[in-house]
Structures are given as C-alpha cells and as structure tokens.
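In: Provided below for reference: sequence and predicted model.
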Amino acid sequence: MHMNQYDKDIFIISSNKKQLDIEVIYNFLCFHSYWAKGIPKTLVQKSIDNSTLCFGVYKESICGQIRKQVGFARVISDLSTFAYIADVFILPDYRGLGLSKRLIKKLIEHPELTEIRRAMLATKDAHSLYEKFGFKDINNTNLFMELKKQSY
C-alpha cells in the first residue's frame, strides 16, 4: 500500500487574519494566478486588511507542529445581503487532497455569512468545484456590468 506523503499531516482552516502569511499569498497571486499576475504586495495587503473575512488553509505536522499556509480565500461583504468571494487558491503541491472543497464549505458555512442573499465569484477554471456548493452560472448576464480600471 502506497502511503500519501501527507497522511501524517493535519490541515486546518482558520478565519483569523493574524495567522495569514502575506508572503505566501502575495507570491501565489503575483506570480502564479491568472487573475492578479503582477499585483503589488501593497495591494495584496490592503485587500486583506479591507476584506470582511479571510480564510487560510494551514498544514500542521503531527511531529513538531510546524504550520505552513497552503491555501487562501477572502470574502468582501456587508454580512447581510451580498458577498463576493475572491483570491481562492490551494498551492499546487497540495491540490488533490480535498482542501479546496473543505475551504469553500468552511467559507459558505461561516456564521457571519449565513444570512447572505447572494454570493458571487468569478472563475475561469473551477466551475465544477463551486457547483458542488450550489453556485450556478448567472442566468441573466445583462444585469451585471463592470468597470475595469487596471489589470495586473
């Protein structure tokens, strides 16, 4: 029987912003994401500071309790009627372990978000993940507009 190298690791998800590793988040968004490539570190920090909720996914090793951030998501919301989910990622080495499903489940079940009437997000390649949680294509795309001032 082949043992997965992560079998001895514990993964936790926290919405404590103080635990976030800005270097991990910035490096992924700036150098590896398709949606924020080239984003300045100052804007990444500002986006975290001004987001309603941020979620970090962390690997904790049973031996030694080493904690490493391996995923992230943030929510921009008024906590009553609307939420926008942004910057969702799991680092490539940790994909395929069900962490993105755990992250989205934790996010949508967060007590501060239970009364949200509409949650939205944009994705180029993760539709099947979000569909598992009830997200659907927008029926009437003519309702939505955007003002795009800068791309990274």
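Out: Received it, and whenever you're ready, just let me know what you need. Residues are numbered from 1 along each chain as shown.

In: what mean pLDDT does stretch 10-22 have?
Out: Average pLDDT, stretch 10-22: 95.

In: for it, measure first residue to last.
Out: Stretch 10-22 has its terminal residues 21 Å apart, counting by CA to CA, to the nearest Å.

In: likewise for stretch 52-72?
Out: Using CA to CA, the end-to-end distance of stretch 52-72 comes out at 14 Å.

In: next one: the host helix or strand of Ala83 to chain centre, how far?
Out: Using DSSP states H and E, Ala83 falls within strand 82-90. Here the centre of strand 82-90 is set off from its chain's centre by 5 Å, with CA atoms, centre = their mean, to the nearest Å.

In: neighbouring contacts of that strand?
Out: The contact list for strand 82-90, computed with CB atoms under 8 Å, 6 or more residues apart in numbering, reads 25, 28-29, 32-33, 35-36, 47, 51-52, 57, 70-77, 99-100, 103-104, 107, 113, 116-121, 126. Bear in mind the C-beta positions are built from the backbone N, C-alpha and C, glycine included.

In: out of the residues you listed, which are inside helices?
Out: Ile25, Phe28, Leu29, Ser47, Leu99, Ser100, Leu103, Ile104, Leu107 (DSSP state H).

In: scan the protein for its longest strand.
Out: If you go by DSSP state E, the chain has its longest strand at strand 67-77.

In: what's it packed up against?
Out: helix 22-31, strand 53-61, strand 82-90, helix 99-108 (3 or more CB pairs under 8 Å, 6 or more residues apart in numbering; DSSP states H and E).

In: in this structure, where is pLDDT below threshold?
Out: The chain contains residues with pLDDT under 70 at 1-9, 63-66, 152.

In: if you set the cut-off to 50 instead, what comes out?
Out: For the chain, the stretches flagged by pLDDT under 50 are 1-7.

In: Phe28 and Asp137, how far apart?
Out: 26 Å (CB to CB, to the nearest Å).

In: show me what counts as buried in the longest strand of the chain.
Out: By neighbour count on 16 or more other CB atoms under 10 Å, the buried set for strand 67-77 is Arg67, Gln69, Val70, Gly71, Phe72, Ala73, Arg74, Val75, Ser77.
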